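# coords below, sequence missing:
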């Protein structure tokens, strides 16, 4: 029997960078809870953005934020992976050499950028991030950082993979989070690792877990769940890795799968 359901957010549950969730999900999460099934959102987003998205049920779920760097509920942090400052600053300096790219750094409660770029306004107004403009990171950054993201308006993966990824891939996990984002976290920090920690905390087995995803940074999440679903609009690599393929996001594929699950449970 399924006891834990984990889901990616952007590209799986909502269109990338929007708050446009299928509102039926709020009732679905409440009904799952009535059956003793726990829901966890797993995203590259920060907690504040996810909590706003799940506002009607924000106290009822767990959160894997910043691509697995933080595991928490609405009030307590269970695990947090902080990047050492020296390699972080070296990566920042390298990322500044990437053409037409911007950098976002993520702390536990706030994200940071150096100026009010297109990225800043999109994160603030669409993702609804708590984000602060610092100016020069080396001079003004004092927070612990769990994730670094490189943004390009339409070609982040190809630009980063040209030389940045080969240089840093042995020290950090670097994964696509959509055509605009490449996320960099510690090697042990990914959605799958955080889901396994949560499974241990809750005493829930892989065989009792369901997961949904669409992108490369969701592969660990799907591997940690016996009942793994690639959304129908997912990358081919994700579809190949998943046990099932759900309808696409445009058809609210995850909602439909969970409604069928509830239908079975209600019999």
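Done, it's in. Only a predicted model underlies this, so the values are computations on that prediction, with no experimental measurement involved.
# what's the closest residue to residue 157 other than its chain neighbours sitting at in phi/psi?
Using C-beta to C-beta, 6 or more residues apart in numbering and skipping the chain neighbours, the partner closest in space to residue 157 is residue 176 (4.7 Å). Every residue, glycine included, has its C-beta placed from N, CA and C. Per-residue torsions, residue 176: phi -70, psi 140 (degrees, to the nearest 10).
# Would you agree residue 176 is in contact with residue 217?
Yes - judged on C-beta atoms under 8 Å, residue 176 makes contact with residue 217 at a distance of 6.6 Å.
# any shared contact partners between those two?
residue 183 (C-beta atoms under 8 Å, 6 or more residues apart in numbering).
# So which of the two has more stuff around it?
Neighbour totals were compared for residue 176 and residue 217, and residue 217 leads with 30 against 19 (other C-beta atoms under 10 Å).
# I'd say the more buried one and residue 43 touch.
No - with contact defined as C-beta under 8 Å, residue 217 does not reach residue 43; the gap is 9.3 Å.
# Mind jotting down where the helices sit in the stretch 51-200 of the chain?
Ranges of helices in the stretch 51-200 of the chain, per DSSP state H, counting those that start in this stretch, are 85-95, 118-125, 137-140, 156-168, 191-202.
# can you tell me how far the residue nearest to residue 262 when sequence neighbours are not counted sits from residue 21?
Once flanking residues are discounted, residue 262 sits nearest to residue 31: 5.4 Å by C-beta to C-beta, 6+ apart. According to C-beta to C-beta, to the nearest Å, residue 31 stands 16 Å off from residue 21.
# cool, residue 178 as well?
Taking C-beta to C-beta, one finds residue 178 at 17 Å from residue 21.
# related to what we said a few turns ago, next secondary structure element downstream of the helix or strand containing the residue nearest to residue 262?
Following DSSP states H and E, one finds residue 31 within helix 24-34. With elements assigned by DSSP H and E, the helix or strand that comes after helix 24-34 is strand 38-42.
# Now do that next one against helix 191-202, angle only.
150 degrees (axes from the mean of the first three to the mean of the last three C-alpha atoms, to 10 degrees).
# Check which helices and strands strand 38-42 is in contact with.
strand 4-8, helix 24-34, strand 62-65, helix 191-202 (3 or more C-beta pairs under 8 Å, 6 or more residues apart in numbering; DSSP states H and E).
# quick one: contacts of it?
Against strand 38-42 from outside (C-beta under 8 Å, 6+ apart): 3-9, 13, 29, 32-33, 50, 53-54, 57, 60-64, 68, 191, 194-195, 198, 202, 204, 211, 213, 218, 221.
# same thing but at 6 Å, please
With C-beta atoms under 6 Å, 6 or more residues apart in numbering as the test, strand 38-42 has contacts from 4-6, 8-9, 29, 32, 50, 61-64, 191, 221.
# repeat for stretch 100-110
46, 66, 95, 111-113, 117, 119, 130, 132, 143-152.
# Check which residues of stretch 234-241 are buried.
For stretch 234-241, the neighbour count (16 or more other C-beta atoms under 10 Å) marks 234-235, 238-239, 241 as buried.
# er, stretch 194-202 actually
Quick answer for stretch 194-202 (16+ other C-beta under 10 Å): 194-199.
# Next, the angle from the helix holding residue 31 to strand 38-42.
Using the same axes, to 10 degrees, helix 24-34 lies at 140 degrees relative to strand 38-42.
# any idea how far helix 24-34 is from the chain center?
21 Å (C-alpha atoms, centre = their mean, to the nearest Å).
# Quick one: mean pLDDT for that helix?
Helix 24-34 carries an average pLDDT of 98.
# give the contact list for residue 32.
Applying C-beta under 6 Å, 6+ apart, the residues contacting residue 32 are residue 39.
# do you know how far the closest residue to residue 9 other than its chain neighbours is from residue 75?
Excluding the flanking residues, the one nearest residue 9 by C-beta to C-beta, 6+ apart is residue 43, at 3.9 Å. Residue 43 sits at a distance of 18 Å from residue 75 (criterion: C-beta to C-beta).
# Helix or strand with the lowest mean pLDDT in the chain?
strand 173-176 (a mean of 90; mean pLDDT, DSSP states H and E).
# Appreciated, that's everything.
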